[in-house]
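Trainee: fold the stuff below for me.
(chains A and B)
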Amino acid sequence: MAALLQTNRVKYECSCGLPFPLDELYFCRQCVKLKCVECTQQFVDNIICQGCFETATAGENRERVGRCPSCYMCPICSTVLMSRSINNKFRLQCTYCRFNTLDAGIEDQVDNDKWKFPSSPNAEFFQNIRSKMLEYAEFDKFEHERNPDKRRRSTLFLSDKYGLNSLYNQRKKSGYADRPEPMKVEYTKMDNVEELSLDEIMAPVENPLDIHNFSEQLQSLSSTKDRWLPEALPVLPRRTVRCGESENSLVKAEYNPLSITFRMRYLAFTYVPDIRMYRPPVITILTQSYVLIYVSNYSNGHVTARVTAVDVDDDSFVSSALNKEVVVPLPPPNTIQDIEDQLQLEGNIPSQVDISKPFYENIIFKRRHQAALTIPVHAKKIVDRNFLKLRMEVEYDNLAPAIPDKSMSRTSIDRNYSSSFLSRSSSMADTTIPPTPTPSDTTLNTSGSADKPKISLSHPITIVIDIGRTIDDNLYDCDMDGKVPSLPTRIPAEDVFA
Amino acid sequence: MSRRNESIINVPLPASPGQREARVAPSVSNPSTSNPALHRLYNPAALQTKSPAYSQFSSKELEVTYVIEIGARWTRYGLANSYYPREIVSSFYPHPKDQKLCHVLDHTLSETDHSILLNAFLTKYCTMRLSNAAMDKRIVIVEGLFVHEKARKRLAKCFFERQSVKASAIVYAPAPLMHIVPFGTDTAIVVDIGYNYVAVTPVWDNVIFFSACTYNLFGSKHLLERIRDHYKTKGLIRTFDGTIRPFNDEDMKRFDEWNTAEDLLSRFFFVTRSDRAKSYQKATTDGDEEITYCPDVESYFYTEKLIVPGSLREFTAELLFDGVDYSDVYSIPELIYKAVALSPVDIRRSLLSNIIVTGGAACLRGIHGRIDVELKYLIMTGNGGLSMKLMENVGFLKVPGGEQIERYSAWLGGCLCGGIIETRPRYYSLKHWEEGVPLPDWTTQIDNYRIPVCPDKVVTENVTKQLVGLRVV
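Mentor: You can find the predicted model right below:
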């Protein structure tokens, strides 16, 4: 879905300076900062098979080489193979590409649990090498512990005049371990090493599709040209994500592998307004274009976003004529009201913006938790990719704790508050917030109440939007007067949600 | 055996019993353990044998689990108790800052940028794909002989300091040595056809003869560039209605995006006969001779078909066999000849009888036969000092089951060697990293080497200064 919505075109700068789309960022409530995969710590909580949801410990996982013992993967398309019963026997089949175990030359089996695929033809050979290495390692350890530094190297030659030579040799050998024999593993020499014959060189390639392509060769190393073998399904880790600074947990899943809920989930989109570009605009050098962006609030509280455009001294960044800050007040979302509006008004939902008021100069559409802004831009050069840089400051009014999960009890919410927000240093004393959430406000609220304290992010967020390539003015299909078509001042609701 | 040409590399493998004593420095009769330099001389690992860190490890923590080999083009990683790497992935990873493809061991990046890149790479291929297999475990890094010091330090820093990955120890395994382990031998001449260059390394009794290593500057990358240049200038596509049209810029973009050159090289290309190669050289340079090329192949390319001409299929690999007479670079047989000529006389027979060809281009059909023919011809006619009797000894190795392990033989060697539980401290632990001990490398043996002197020798001040200059005291 992220690829469809092109969320990678809008990137937020994390507190560590790296750009990421909003759906890949976390929010640390203690640091009040955005966190990404680079400035967080990833710990493996649980190891789960995606086919059968069986969990495994770290030790079991290592013994099984990181794969599930009962699930198998199609060697062609990497989907999970399903077991199918045919004539009281079982066969593994891929539902996507129709591969089955008969294609691999493996007959149907009576027992569905124990599939035996041919292992590596050199498994025994490699095992012999490994055991020989182990012998060498143990001998090496023994030799080392005998401390050869102090071992005297005697060149004394004792003649066996008194019959003591044999005793001396026995005494000398008693300190030695049995030396392992040299490696006698049979290495194979290639027979008949010859150049290609003329017939082989001139032979036509009848069906190029019969030859595995390069990615297939790299993907299934155990498969050969004549035989595709199913592979055991790799297991996946279920991770816990912790903030690198404060070591608070940001994401923690439930222990039950079948559960899709989280015990903790502090994702950035539940705290930071989501900016999304409506459509890539037509950017030219000579004429001014407008970038239409949507600012949406998915948090539980009232948010005031202050958006400004930033000029960058780089030809790939467009220059913006937006010289002032655009203040966008956004209440929290109300899904039930949205559905009722759709049903009652049959989609003809009016905007809540009064264009005549100067406050809303750049806001052309607003409805509850969403607002649309236009930003006039100008390309500097003809480039393949133009970028627009914005700075956004976020203020929260009456922000409730993040996770609206029903599984979270009231006491746990209060506990979270007391441990994180209220226990911070005095420098952030003005950012304490009351624990109880207020009802969502659907009417326009330009500013929070003076007596209720506000919380803001510790630093403004920098956002970079990829708005597309510059089009040459000569090639652009302007109207007869050479003017860019004007942007509509109001966009119908059905276009917003199209 | 003459020790003139021998350079001992820090070998993580235990030596075969017969040769162990020969490696001890013979010049010191009674080494004193009070002198740390002399003590280290008898400990080629250059690390203290009974350090406090070693005694703290339990047997479980010493078990190796994660083996990684970062090559110039491909990275292989996996767990030590398997015979195949989990995945072979590209060593070029998009940098999180600007999504530009950078090599994982690119030391020219700034320290911050490089650490961000390494963190992203290891988080994906160690933490996420293998469920954090390296955490508190010993890992094996199979590396080439000339990895830059900065890259090695940054990689070690990532493994030791990154909380998600934190390994307990690293074992560094040299790639030329690891290549020979899966073939069940301890003596071989390793011909590694890499991405940037071809390296021929003689290994005898698990000792790399560094002074006899030979290199040329043509690798798989240059084969791919030749294919790409052909399609850029003369590429043809058969459309869905049967007509043929030339390549355009969009096709070239797709060609690069989908790594089509690598795909074509692995599927349709081969190494031709030496007589046909000579005919081709004459045909292209003098224009006197006519040659019949092998048939063209049409491979699917998006919705159309890419025409792979027979001349390209057959003669692209000639880049590796052109030779000094034709170009200024040694061909593979000439490199092998030179490496054997630089090796001690006694071991030439055993080296020539165990030739291992590895690398991606080693999977090309006909490469072994071509090397065999040209090498024998060189031995017969060359003036490098090799006896003609050695022609009978030329032989190539393979694994008994017939599997093609050339793409990951070094990784597999690291797996077989490094995957065993051993307690000899041939590893670099977290404690050593915290204490600032330099990373173990064959160059540290040179840096730390001191000419041994009998402790009771009395020297004058002038002689002492000279000895200091000569790195004796």
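
Trainee: domains for chain A, by residue range?
Mentor: A:2-19+A:273-346+A:360-403+A:455-468, A:75-137+A:198-229 (the TED database).

Trainee: just the ones you listed: most buried one?
Mentor: domain A:2-19+A:273-346+A:360-403+A:455-468 (a mean of 18; mean count of other CB atoms under 10 Å in any protein chain shown). C-beta: built from backbone N, CA, C; applies to glycine.

Trainee: avg pLDDT for it?
Mentor: The average pLDDT for domain A:2-19+A:273-346+A:360-403+A:455-468 rounds to 82.

Trainee: for residue A:76, give its distance to residue A:212.
Mentor: 10 Å (CB to CB, to the nearest Å).

Trainee: overlap in contacts, the two.
Mentor: Here residue A:76 and residue A:212 have no joint contacts, going by CB atoms under 8 Å, 6 or more residues apart in numbering or on different chains.

Trainee: ok, and the closest non-adjacent residue to residue A:239?
Mentor: Closest residue to residue A:239 apart from its sequence neighbours, by CB to CB, 6 or more residues apart in numbering or on different chains: residue A:42 at 5.0 Å.

Trainee: within the helices and strands, which one has the one you found?
Mentor: Using DSSP states H and E, residue A:42 maps to strand A:40-48.

Trainee: can you list the strands that the helix or strand just after that strand pairs with?
Mentor: Later in the chain than strand A:40-48, the nearest helix or strand by DSSP H and E is strand A:55-56. In the sheet, strand A:55-56 lines up against strand A:40-48 (antiparallel) (DSSP bridges).

Trainee: any buried residues in the strand it pairs with, and which?
Mentor: For strand A:40-48, the buried set under the neighbour-count rule, 16 or more other CB atoms under 10 Å in any protein chain shown, comprises A:40-48.

Trainee: partner strands of whichever strand or helix holds residue A:365, parallel or antiparallel?
Mentor: Using DSSP H and E, residue A:365 sits within strand A:363-367. Strand A:363-367 pairs in its sheet with strand A:370-378 (antiparallel), by DSSP bridges.

Trainee: with just CA atoms, put the strand it pairs with into CSV.
Mentor: Output of strand A:370-378 as CSV, limited to C-alpha atoms (Å, rounded to 0.1, in the frame of the first residue of the first chain):
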residue,chain,number,x,y,z
GLN,A,370,-7.6,17.1,7.4
ALA,A,371,-6.6,20.2,5.7
ALA,A,372,-5.2,21.0,2.2
LEU,A,373,-2.6,23.6,1.7
THR,A,374,-1.2,25.1,-1.5
ILE,A,375,2.4,26.2,-1.7
PRO,A,376,3.5,28.2,-4.7
VAL,A,377,6.8,27.0,-6.1
HIS,A,378,9.2,27.8,-8.8
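
Trainee: and it, how far out from the chain's middle?
Mentor: Remark: strand A:370-378 is offset 29 Å from the chain centroid, using CA atoms, centre = their mean, to the nearest Å.

Trainee: quick check: next helix or strand after that strand?
Mentor: Criterion used, DSSP H and E; the element after strand A:370-378 is strand A:386-397.

Trainee: that next one packs against which elements?
Mentor: For strand A:386-397, the elements it packs on are strand A:302-310, strand A:370-378, strand A:454-456, strand A:461-468, judged by 3 or more CB pairs under 8 Å, 6 or more residues apart in numbering or on different chains; DSSP states H and E.

Trainee: what's the closest of the ones you listed to residue B:147?
Mentor: strand A:461-468 (34.9 Å; CB to CB).

Trainee: ok, back up a step: want to throw the helices and strands packed on strand A:386-397 into a markdown table with distance to residue B:269?
Mentor: Converted to a markdown table, the helices and strands packed on strand A:386-397 look like this (distance: least, CB to CB, whole Å):
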| stretch | distance to residue B:269 |
| --- | --- |
| strand A:302-310 | 51 |
| strand A:370-378 | 49 |
| strand A:454-456 | 62 |
| strand A:461-468 | 39 |
